[in-house]
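**Q** The sequence isn't on hand, but the structure is:
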């Protein structure tokens, strides 16, 4: 099981109905980057924050969005790997 652990370097907020991920660090450059999450990304992010592992999140996406396992696996892993690449989370 792949579980994601937060690096505690972001703030998540809802602004005008949009879920926004804001990097928090000592660098002014990173404060200029805001990430607006679409509905699926916000759904996945909420599952990550609740402590669900990647396999469970994929199952949640299949159930919630009525997509096949292969599509959910690809979408979840792409998003999760992006969060890891940007330094918001790491795998434990």
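**A** The structure has been received and is ready for your questions. Small disclaimer: the values here were computed from a predicted structure and weren't measured. Residues are numbered from 1 along each chain as shown.

**Q** all contacts plus neighbour counts: C-alpha atoms, from now on.
**A** Noted.

**Q** Break down this structure into its strands, ranges please.
**A** For the chain, the strands defined by DSSP state E occupy 4-6, 10-15, 18-23, 35-37, 89-91.

**Q** Okay, buried residues for the fourth one please.
**A** Yep, that's strand 35-37 we're talking about. Residues of strand 35-37 classed as buried: 36-37 (neighbour count, 16 or more other CA atoms under 10 Å).

**Q** Pull up the pairing partners for that strand, direction included.
**A** strand 18-23 (antiparallel) (DSSP bridges).

**Q** re the thing from before, which of the strands of the chain sits closest to residue 45?
**A** Of all the strands of the chain, strand 35-37 sits nearest to residue 45, with 8.8 Å by CA to CA.

**Q** How far does that closest one sit from its chain's centre?
**A** 10 Å (CA atoms, centre = their mean, to the nearest Å).

**Q** So which of the strands of the chain is nearest residue 53?
**A** Closest among those, using CA to CA: strand 4-6, at 6.8 Å.

**Q** Thank you kindly, that will do.
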